[in-house]
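**Q** Dropping the sequence and predicted coords here.
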Amino acid sequence: MPLPSATPTGDGVIVDGISGWIGSAPLRTLVARFGGRWPAGDLGAVLAGLDDFSARCWDFRAGRERPEAREPDLDPPTAELVRTAADTLGLVRSRPPHRPRYAHLVVLGGLAHACLRRVAYAAHLLRTGVGVGGEVAVLGSFRPLSEVERQTLADVGVTGCDTEVDALDAAVRHTFAVSAPAADDGLDAGHPHHSWSSRTYRPAGTPPVRVLAAPSSEPQRRRAHTADTQRFWAEHAQLARHDEVLLVTAPIYVPFQHCDALRTLAVPYRCEIDTVGVDPTLADLTRLPEPTLTPGRYLQEIRSAIRSMRALHTTLADDERAGPSSRPTS
């Protein structure tokens, strides 16, 4: 199923994309398999109904970090149905970028293993001909690493990392063969939810690489999440209208993080977003750890995609009411 896409001329294309993905046969089949009734009403009502349904049936995190989510006990036919649906909905396989050149390449952070793999894949894209006119941005937060993540890094020779952004910074220094940033800025606010940092490296033969840790937009409640990092980067990079942005993440997160990027970047800046997942078959990545992707994890991230599309749909409605004056002019 194609994901929603943005065009500079209007938001109707995004809405049509949300409607197509949400109303697709694989998602309808999954809902029915788990005892759900398809929500009635317009697209907003359907998204709200699916959000409520997935909270009851597919939320295995219950507010915890992803590695702490429980795995549901599914019978083999149901587990196979989940995997097939996840594949059709775009959570399983990697695909190449649509364009040969972009204004910016953005690497989204994550767990320790993901930090290593995504930075390595971004370097692979640059080496194999993807052009970048602006910068490579590597986005994370001051989320503390778990002991399991620290061990994952130590197993491949990466030490001295306390936070997600530390892991991203170490990955950049190793992958791009740089030792010190050309520019280093930030704010230590005394709490990781309020603090931020920005380090820019200038590797030989590639665009500048910025490693950015964002503050939370709701620091009293939570750490910075994907949308916070994207929005914070756009402000620092002075993202321009109609810029083409290539996002790198893991295939399982492509739908939800793509829609987050549409909401935080495409709608306000009228830029184009292309989101790709790391290709696990690349020789450069075979030495780096990759977690087992289970049916429960796929269901959890299908729920994430539903929630992201609901938030995107709400933003589009709010944007239409506010009019063009509410958008950045850069």
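**A** Yep, it's here.

**Q** Check the offset of stretch 233-249 from the chain's centre.
**A** 14 Å (CA atoms, centre = their mean, to the nearest Å).

**Q** brain fart, stretch 178-197
**A** For stretch 178-197, the distance to the chain centre is 21 Å (CA atoms, centre = their mean).

**Q** Show residues contacting it.
**A** 141-144, 163, 165, 172-173, 198-203, 208-209, 211-216, 219-220, 222-224, 232 (CB atoms under 8 Å, 6 or more residues apart in numbering). Using the backbone N, CA and C atoms, a C-beta is placed for each residue, glycine as well.

**Q** If we go by neighbour counts, what in that stretch is buried?
**A** Val178, Pro181, Pro192, His193, Ser195, Trp196, Ser197 (16 or more other CB atoms under 10 Å).

**Q** Would you map out the domains in this structure?
**A** 1-92+293-330, 101-291 (automatic domain parsing).

**Q** nearest to Val46, of the buried residues of stretch 178-197?
**A** Among the buried residues of stretch 178-197, His193 lies closest to Val46 (CB to CB), at 33.6 Å.

**Q** most neighbours per residue, which of the domains of the chain?
**A** Burial of those is given as mean neighbour count (mean count of other CB atoms under 10 Å); domain 101-291 ranks first at a mean of 19.

**Q** Excluding chain neighbours, what is closest to Pro280?
**A** Glu290 (6.0 Å; CB to CB, 6 or more residues apart in numbering).

**Q** do Leu91 as well
**A** Per CB to CB, 6+ apart, closest to Leu91 is Ile252, 4.9 Å.

**Q** need the contact list for that neighbour.
**A** Residues near Ile252 by CB under 8 Å, 6+ apart: Ala86, Leu91, Val92, Gly277, Leu293, Arg297, Tyr298, Glu301.

**Q** Phi, psi for it please.
**A** When read as degrees, to the nearest 10, the backbone of Ile252 gives phi -60, psi -20.

**Q** Okay, strands next: where are they in the stretch 151-300 of the chain?
**A** 183-187, 196-201, 209-213, 244-249, 272-277 (DSSP state E, counting those that start in this stretch).

**Q** For the lengthiest helix in the chain, name the packing helices and strands.
**A** Longest helix in the chain, counting residues (DSSP state H): helix 295-322. If contacts are counted by 3 or more CB pairs under 8 Å, 6 or more residues apart in numbering; DSSP states H and E, helix 295-322 sits against helix 12-22, helix 25-33, helix 43-57, helix 76-88, helix 254-261, helix 267-269.

**Q** of the ones you listed, which approaches Gly129 most closely?
**A** Using CB to CB, these put helix 254-261 closest to Gly129, at 21.4 Å.

**Q** centre of the chain versus the closest one, how much separation?
**A** That offset, for helix 254-261, works out to 6 Å (CA atoms, centre = their mean).

**Q** okay, the angle between that helix and helix 12-22?
**A** Relative orientation of helix 254-261 versus helix 12-22 (axes from the mean of the first three to the mean of the last three CA atoms, to 10 degrees): 150 degrees.

**Q** Next up, the contacts around the residue nearest to Pro280.
**A** Glu290 touches His113, Arg117, Pro280, counting by CB under 8 Å, 6+ apart.

**Q** contacting residues for the most centrally placed residue in the chain?
**A** Closest residue to the average C-alpha location of the chain: Gln257 at 3.4 Å, with CA atoms, centre = their mean. For Gln257, the residues meeting the contact criterion (CB under 8 Å, 6+ apart) are Leu108, Thr226, Leu247, Thr249, Thr275, Ser308.

**Q** Ok, Phe256 next?
**A** Thr226, Glu301, Ser304, Ala305, Arg307, Ser308.
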